[in-house]
Each structure stands twice: as structure tokens, then as C-alpha cells.
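Engineer: fold the following, please.
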Amino acid sequence: MEGPAQEGPRSQPSFFRRPPAPTSSGSVPPSPPVVTPPPAPPSSGITPPPPPPPVMVPPPPPPPPARRPSEPPPPYADGETHRFVFHGRGGSLFGIHIVNVLLTIVTLGVYYFWGKTRVRKYVWGQSEIAGDRFAYHGTGRELFLGFLKALLVFALPLYLLYLVRAFAPWVAVKVVAAILSYIIASVFLPLAIVGARRYRLSRSSWRGIRFSFRGTAWEFVKFFIVNTLLVSLTLGLWYPVFDVGRHAFLVRHSWFGNRKFDFDGSSTGLFGRFVLTLVLTPFTLGLCWFWYLARKRRYFWDHTTFGAARFRNTTRGGPLLWLMLGNLILLVATLGLGWPWAQARSARFLARNLSLVGTLDLEGIEQDARAASATGEGLAGFLDIGTLDLG
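Structural biologist: I've put the predicted structure just below:
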């Protein structure tokens, strides 16, 4: 006789699911129906593209260290930079130069002044800053008449005094003639420097506004004579002080329209470098003077200002040495015919190392041209004081 059926072992409840509660009759309720998900669509054989790689965003740079209130701002840190550019080429200048030489020979030297004007017009017109080029408005006739005036006022008296010293039978007359010659010669050079700068600036313009020079010749003559005596008394050691003072006078009296240039350098700013160059001269065979000239250019330009803007020059001794040495080789190898290329190289070198840093406030600049005679330019012609005078 069979007994009651034995119940199988009751399954243990799952660890993740609460077991169903028994009903009142003690039986377990049926489990809910299982919903089967729809079948995946048949594959078309195209593998879906992989997800794009995550974009790595670099962290922001750390903020710059704060500057102490007592620490001055770095030089040329603020303001826009306006660079000088020279567009001229030696070949174009050679075409002007060769015509000038031929016409000067044919006219027995008279065309020299017109040829000089043509060269200046080309050089000025190929020089640019802030997108605009300079212009030169001088004429050959002005240079020719200025040369004749200088010849009559200074050259002729000096020649007559020379004849007196050479042929006068009395010693007292020779002494007086020598003193007068020294006085005229002492006045001759500073008047030539001031007159040439006054004329060239008055005939130069940028954006239609003329430059001008407003210093008095007598003031510069007094400065020049006194400092020349000091250079002689100090055996040349006073020369860098004199050189800085001369440049400061010329810059501080230069104007563009109704706004002036300024110079804030110290009169002794080149003295230490000048003495060091003198000491190193025998050990460097004189080559150290190229580094002094480069330092002088940087000092003069870096301390020249125009309103809120300041000039900056980056000339170094090594490149300056190679420039001058290359020009010398070029002139010797071509028997002087390479002069146009030497001039173009020098102008390009100057422009490449020169810039104006700061805001150019041109709104308030108005035309304020000043009249100037070409007599001073004629005086400078006797001494050949520069053909490209940019400062």
C-alpha cells in the first residue's frame, strides 16, 4: 500500500530575487510569462563604423606670474610694431646712376645736382613704414644754386685767405689771415650740418605731411665750437659726449608736421663703451670699432621718440662688419660700378634693423611746413655729408 506521495526538495530562493510569497492555500503562484525579444534583423554584411575617439582637450595654460608694483615693464612690451621696409633694388638704381654719370661728364659736372636729386627721389620713394612710402620734393636747381651761394660765401674767402698766408710778405698779416681762416672753418662745418638737415627735412614728406628742422644755427655753432675744444683738450676722450649731444640737438629740433621728435638719452651713455673700445683697439686690430658703431646706432635710435612711440634698432657688430666689408669688396671688384648695389644693401640693412614701437596717433598731426634754403645743403656738398640722412 502506497503512502502519500513525497514532495521533492524545495528549491532555494535566489540571492538576487525575493522568493514569491505563498498563497493562502500554501501553493506557489505561477511565474509570470517570459516575453521573448523580437529577433534581430538579418545582418546585411556591413560592419557599423566604430565610435569616434574621444577628443582630448588640453588644460588651459597657467596664468603668468604677477609683476611686482616696483618692477618696470619690459621694453617694447606694449604697442604695435611698425617696421621700415626698403623696396629698392641695385639694378634699378644702377640705371639711374649710369645715366647720371654720363650726363655729368657731358655737362662738365653741372648735371651732378640733378643726378643727386634723382637718386634721392628713388631712395625716399622705395622706403616705407606703416604701409606708406616717403617722398622727396627737392630739385636739382635748388641744389645747384645752394652750391653757388656756399661757394661765394665760404669757399672763396677761405681760398683768398690761403693766398694771403702763402704770399704776404708780413708775418702779422699771415697771422691774422690764419686766425680768420680758423674762425671761418670752425663755423663752416656746423653750418653745413644744420643747413643740410634743415633742407633735407623740409623737402621730405610722409602721407603728404612735411618734415622740418627748427633749431637755430647760431646755437648749434656755439655748441659745436665749445665741444670741439673740449675734445682737443681731453685728447679725444670727450668725443662720445660731444657725439651724443650733437645727435640730441638735431633730433630734438626735428618735427613731423606740428609734432616734434625727442631724445631722452644721457650725454655719457656711450662713454664707457668708447673707452673700452679704445683699450681693445690694438688687440682686435681695430675691428672692435664695428661693435662700437653698432652700439652707437642702437643707442641713438632706441632713445629717439615720436609722441607715444619709440624707435627700436637691432644692429649688431658682426652683421655691420660684413655689410661694410662686402660693400668695399663690391666697389673694388667692379671699379666703382657696384655703387648702386652697395647703396641698396646699406638702405635695406638699415630698414631691416629699424622699427617704430608704440601707437602712432596721426589724427592730430597737421601740416606745418617751414621754408628752408639750399645753401646749407651746398655747404654739405663740399664735405659730402651723407646721401641718406634718416637720423
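
Engineer: pLDDT score for the closest residue to residue 209 other than its chain neighbours?
Structural biologist: Excluding the flanking residues, the one nearest residue 209 by C-beta to C-beta, 6 or more residues apart in numbering is residue 257, at 4.4 Å. Quick note: C-beta positions are derived from backbone N, CA and C, even for glycine. With respect to pLDDT, residue 257 has a value of 91.

Engineer: now do residue 165
Structural biologist: As predicted, residue 165 sits at a pLDDT of 87.

Engineer: burial of it, as a residue count?
Structural biologist: Neighbours of residue 165 under the rule other C-beta atoms under 10 Å: 15.

Engineer: element containing it, please.
Structural biologist: According to DSSP states H and E, residue 165 maps onto helix 156-167.

Engineer: what's that helix packed up against?
Structural biologist: Contacts defined by 3 or more C-beta pairs under 8 Å, 6 or more residues apart in numbering; DSSP states H and E place helix 156-167 against helix 171-202.

Engineer: would you tell me what the next helix or strand after whichever helix or strand residue 349 is part of is?
Structural biologist: For residue 349, the element it lies in under DSSP H and E is helix 339-352. Per DSSP H and E, helix 339-352 leads on to strand 354-357 as the next helix or strand towards the C-terminus.

Engineer: can you pull the buried residues of that following strand?
Structural biologist: Residues of strand 354-357 classed as buried by neighbour count (16 or more other C-beta atoms under 10 Å): 354-357.

Engineer: what angle separates the helix holding residue 165 from helix 171-202?
Structural biologist: With axes from the mean of the first three to the mean of the last three C-alpha atoms, to 10 degrees applied, the angle from helix 156-167 to helix 171-202 works out at 160 degrees.

Engineer: show me where the chain has its helices.
Structural biologist: 90-106, 112-125, 140-150, 156-167, 171-202, 217-233, 239-252, 271-284, 288-302, 317-333, 339-352, 375-383 (DSSP state H).

Engineer: turn the ones you listed into TSV, columns for distance to residue 209.
Structural biologist: Formatted as TSV, the helices of the chain follow (distance: least, C-beta to C-beta, whole Å):
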stretch	distance to residue 209
helix 90-106	26
helix 112-125	14
helix 140-150	20
helix 156-167	38
helix 171-202	12
helix 217-233	24
helix 239-252	18
helix 271-284	36
helix 288-302	21
helix 317-333	31
helix 339-352	20
helix 375-383	21
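
Engineer: out of these, which one sits most buried?
Structural biologist: Highest mean neighbour count of the helices of the chain: helix 375-383, a mean of 23 (counted as mean count of other C-beta atoms under 10 Å).

Engineer: quick one: mean pLDDT for it?
Structural biologist: Mean predicted lDDT for helix 375-383 stands at 55.

Engineer: please apply the same query to stretch 142-149.
Structural biologist: pLDDT averaged over stretch 142-149 gives 89.

Engineer: CA-only coordinates of it in PDB, if you can.
Structural biologist: Output in PDB follows, covering the C-alpha atoms of stretch 142-149 (Å, rounded to 0.1, in the frame of the first residue of the first chain):
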ATOM      1  CA  GLU A 142      67.900 124.200 -55.700                       C
ATOM      2  CA  LEU A 143      71.000 122.200 -55.000                       C
ATOM      3  CA  PHE A 144      72.900 124.000 -57.800                       C
ATOM      4  CA  LEU A 145      72.000 127.500 -56.600                       C
ATOM      5  CA  GLY A 146      72.800 126.500 -53.000                       C
ATOM      6  CA  PHE A 147      76.200 125.200 -54.100                       C
ATOM      7  CA  LEU A 148      76.900 128.500 -55.800                       C
ATOM      8  CA  LYS A 149      75.900 130.500 -52.700                       C
END
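
Engineer: off-centre distance for that stretch?
Structural biologist: Average the C-alpha atoms of stretch 142-149, do the same for its chain, and the two points are 33 Å apart (C-alpha atoms, centre = their mean, to the nearest Å).

Engineer: also stretch 85-103?
Structural biologist: Using C-alpha atoms, centre = their mean, the offset of stretch 85-103 from its chain centre is 24 Å.

Engineer: tell me which residues are up against that stretch.
Structural biologist: With C-beta atoms under 8 Å, 6 or more residues apart in numbering as the contact definition, stretch 85-103 has outside contacts at 111-112, 114-116, 118-119, 122-123, 126-129, 337-345, 347-348, 350-352.

Engineer: check the closest residue to residue 217 other than its chain neighbours and give its pLDDT.
Structural biologist: Of all residues not flanking residue 217 in the chain, residue 194 sits nearest, at 4.9 Å (C-beta to C-beta, 6+ apart). Here, the pLDDT recorded for residue 194 equals 90.

Engineer: which residues touch residue 194?
Structural biologist: Going by C-beta under 8 Å, 6+ apart, residue 194 touches 213, 215, 217, 220, 250, 376.

Engineer: for these, which one is nearest residue 365?
Structural biologist: Nearest to residue 365, judged by C-beta to C-beta, of the contacts of residue 194 is residue 213 at 16.7 Å.
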